[in-house]
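Trainee: below is the sequence, then the predicted model.
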Amino acid sequence: MPLPNLKKTTTPGQCEAMRCTELGEPLPGDLWGRDNVRLCARHSAMALDYAEKNPEHLEYAEKNPEHVAPTSEERQLALDGMGEAEKPSLALNVSASSAAKRAGIGAQHIGLGSVENVLFWLAAVKSAVESIEGNTKEAADVMALATQFEIRTHDDMLHVAEWVHESNKSLKELERTEKEVSSPISTALSRIRGIFRPTKQLWTDAQALLRAQLAAARLREDENNRKVMEDAASAHAAGDDRADLSGLTVSTDIDGVSMKLLWKAVVEDAMLLPLEYVIRVPDAKKLKEYCAAAEAAGTEPEPIAGVRFERDVAMRVQSR
């Protein structure tokens, strides 16, 4: 029987086990590295049974209260609940491990730990995904209610406010679970990207310098071609039909790189631009401050050309 996972935020008097809404009683929290926890009868029995079968977990928790790691038996229980198709193949694990060693990338660099920890994390993801089905049905029911219900009385408004609070609570819980299961892979991904980032930046900077030199050379080439053609035109106008065009060059013969000359607009003074070339964007922050000042003064906002003022409601849902 696995050790119950605890909520990060709890309701006073309620069992602290995940997704449990029963009333709980205070118990020693050594298994979780805490002074105490509050559990209902069912989760208390689960915790006691786990403690009897996994004394090494309690020993670890006492020495490392800041981080209680899952035990090998707990991981095995999670793995047993996974189908064979869900477990990464041994060949893939060995191949990835060998490649990582050749590249000098170890678990300490990306934070994934052992393959066993990865599989345990996958089991946690599987459990979270399975719990979403019931959560989705509940959300759909509330959505259906929200589309049909109409507030007619003050009591109706109180009922809807309660639904808003409960929906916010469910959303926060879902986001917390999402963060818990996505955090390890997000951290690993960030560290992996950090390994590649310096080398990628070197390639990017080197290419930027080379592209800048190439563009400058292409512009010089175009200027040279223009002068050659002008000289040839002048010679032809003077009656010389033997104009020298040997100085002309064509850049289309550069393998793998195509270049096209075009005009680019460089704004030197935005204040001198005609209105047709200016995008006017309202200053939402300044308008909000203008409305707040009127609200603080207890008056209606003074009219502003191009703006309509209307009453709105600011709403904040608090945790209880």
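Mentor: That came through, no problem. Residues are numbered from 1 along each chain as shown.
Trainee: which residues of the stretch 151-300 of the chain fall in helices?
Mentor: Along the stretch 151-300 of the chain, the segments classed as helices by DSSP state H, counting those that start in this stretch run 154-237, 284-297.
Trainee: among those, which is nearest Gln14?
Mentor: Closest to Gln14 of the helices of the stretch 151-300 of the chain is helix 154-237 (Cβ to Cβ; 11.9 Å). Where you see a C-beta, it was placed from the backbone N, CA and C, and this is true even at glycine.
Trainee: average pLDDT for that closest one?
Mentor: Averaged across helix 154-237, pLDDT comes to 88.
Trainee: who does it touch, helix- and strand-wise?
Mentor: Helix 154-237 is packed against helix 107-110, helix 115-148, with contacts defined by 3 or more Cβ pairs under 8 Å, 6 or more residues apart in numbering; DSSP states H and E.
Trainee: relative to Val307, how far out is Ala296?
Mentor: Distance of Ala296 to Val307, given as Cβ to Cβ, to the nearest Å: 19 Å.
Trainee: between these two, which has more neighbouring residues?
Mentor: Legend: neighbour count by other Cβ atoms under 10 Å for Ala296 and Val307, higher for Val307 (11 against 8).
Trainee: from Lys285, how far out is that one?
Mentor: Between Val307 and Lys285 the distance is 14 Å, computed by Cβ to Cβ.
Trainee: just Asp30 next, same as before
Mentor: 51 Å.
Trainee: more crowded one of these two?
Mentor: Looking at Asp30 and Lys285 with other Cβ under 10 Å, you find the greater number of neighbours at Asp30, namely 19 against 8.
Trainee: now the helices of the stretch 151-300 of the chain as TSV including distance to Asp244?
Mentor: Output for those, formatted as TSV (distance: least, Cβ to Cβ, whole Å):
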stretch	distance to Asp244
helix 154-237	7
helix 284-297	63
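Trainee: select, out of the ones you listed, the one closest to Ala51.
Mentor: helix 154-237 (23.2 Å).
Trainee: now the closest one, how far from the chain's geometric center?
Mentor: 14 Å (Cα atoms, centre = their mean, to the nearest Å).
Trainee: mind starting the numbering at 48 from now?
Mentor: From this message on, residue numbering opens at 48, which makes the last subject helix 201-284.
Trainee: so that helix versus helix 162-195, what angle?
Mentor: 110 degrees (axes from the mean of the first three to the mean of the last three Cα atoms, to 10 degrees).
Trainee: ok, now how distant is Glu357 from Glu197?
Mentor: Glu357 is 22 Å from Glu197, by Cβ to Cβ.
Trainee: check Met306 too.
Mentor: From Met306 over to Glu197 (counting by Cβ to Cβ), the distance is 65 Å.
Trainee: next one: Arg258
Mentor: If you go by Cβ to Cβ, the gap between Arg258 and Glu197 works out to 62 Å.
Trainee: same thing with Lys247?
Mentor: Distance, Lys247 to Glu197, by Cβ to Cβ: 56 Å.
Trainee: the stretch 48-197 of the chain: strands as residue ranges?
Mentor: Here the stretch 48-197 of the chain has its strands, by DSSP state E, counting those that start in this stretch, at 72-75, 83-86.
Trainee: what residues of the first one count as buried?
Mentor: Residues Leu74 are the ones in strand 72-75 that count as buried (16 or more other Cβ atoms under 10 Å).
Trainee: one more: the last one?
Mentor: Along strand 83-86, the positions that meet the burial threshold by neighbour count (16+ other Cβ under 10 Å) are Val84, Arg85, Leu86.
Trainee: would you format those as CSV with distance to Pro59 and pLDDT included?
Mentor: Converted to CSV, those look like this (distance: Cβ to Cβ, whole Å; pLDDT from 0 to 100):
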residue, distance to Pro59, pLDDT
Val84, 14, 85
Arg85, 9, 87
Leu86, 14, 87
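Trainee: just give me the closest of those residues to Ala262.
Mentor: Closest approach between the buried residues of strand 83-86 and Ala262, by Cβ to Cβ: Val84, at 65.6 Å.
Trainee: look up the residues forming beta bridges with that closest one.
Mentor: Leu74 (DSSP bridges).
Trainee: contacting residues for it?
Mentor: By Cβ atoms under 8 Å, 6 or more residues apart in numbering, Val84 lies in contact with Leu53, Glu63, Pro73, Leu74, Pro75, Gly76.
Trainee: now, which of these sits nearest Glu213?
Mentor: Nearest to Glu213 among those, with distances taken as Cβ to Cβ, is Glu63, at 19.1 Å.
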